[in-house]
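Peer 1: next one to model:
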Amino acid sequence: MAPKCSLSASRPASQPRFIQHKKEAFWFYRFLSIVYDHVINPGHWTEDMRDEALEPADLYDRNMKVVDVGGGTGFTTLGIIKHVDPKNVIILDQSPHQLAKARQKEALKECTIIEGDAEDLPFPTDYCDRYISAGR
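Peer 2: Residues are numbered from 1 along each chain as shown. Next up is the predicted model:
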């Protein structure tokens, strides 16, 4: 069973959020998810760029536990599973629309997919071997 994210309201009002406009982001990615893998990635985030960006993560063991924070459509996750067994990979994103695209990718079928907030991770400290975020 996948961990549940706590509600954003659990954060004290006095503690500022890095991303202030999550509702706007929800709608932005709702529409962007339609073309994300076919228009955005080919021009701005290629497979070679992704693979090079993942090198410092030192994904040396297929048994590592990895969370792709803000994993969206799973494009970066596809690079992660070249090195780590999909059953050991969690994709976390706030956009159900982006995650729907990730769920459609056969290579990601064994990954755990969680709708949640990158600023309120549903894991205890040091839960995984690597937390990866490839936001641009």
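Peer 1: show me where the protein has its strands.
Peer 2: 66-69, 89-93, 112-115, 130-132 (DSSP state E).
Peer 1: ok, the shortest one: who's next to it in the sheet?
Peer 2: Yep, that's strand 130-132 we're talking about. Strands that pair with strand 130-132, judged by DSSP bridges, come out as strand 66-69 (parallel).
Peer 1: out of the strands of the chain, which comes closest to residue 51?
Peer 2: Nearest to residue 51 among the strands of the chain is strand 130-132 (12.6 Å), distances taken as CB to CB. Where you see a C-beta, it was placed from the backbone N, CA and C, and this is true even at glycine.
Peer 1: please list the outside residues in contact with the closest one.
Peer 2: Contact partners of strand 130-132, identified using CB atoms under 8 Å, 6 or more residues apart in numbering, comprise 54, 57-59, 64-69, 76, 80, 121.
Peer 1: tell me which two of those sit farthest apart.
Peer 2: Based on CB to CB, the longest span within the contacts of strand 130-132 runs between 58 and 121 and measures 20.7 Å.
Peer 1: ok, those two, which is more surrounded?
Peer 2: residue 121 (20 against 11; other CB atoms under 10 Å).
Peer 1: and that one, how far from residue 109?
Peer 2: The gap separating residue 121 from residue 109 is 23 Å, by CB to CB, to the nearest Å.
Peer 1: check residue 70 too.
Peer 2: Using CB to CB, residue 70 is found at 20 Å from residue 109.
Peer 1: pick out whichever of those two has more residues nearby.
Peer 2: Taking other CB under 10 Å, residue 70 and residue 109 do not tie; residue 70 has more neighbours (18 against 12).
Peer 1: wait, that one touches residue 117, no?
Peer 2: No - judged on CB atoms under 8 Å, residue 70 makes no contact with residue 117 at a distance of 9.9 Å.
Peer 1: overlap of the contact sets of the two?
Peer 2: By CB under 8 Å, 6+ apart, residue 70 and residue 117 have these common neighbours: residue 94.
Peer 1: can you give me the helices in the protein?
Peer 2: 22-32, 41-44, 47-54, 75-80, 96-103 (DSSP state H).
Peer 1: ok, of the ones you listed, where does mean pLDDT dip lowest?
Peer 2: Of all the helices of the chain, mean pLDDT reaches its minimum on helix 22-32 (a mean of 62).
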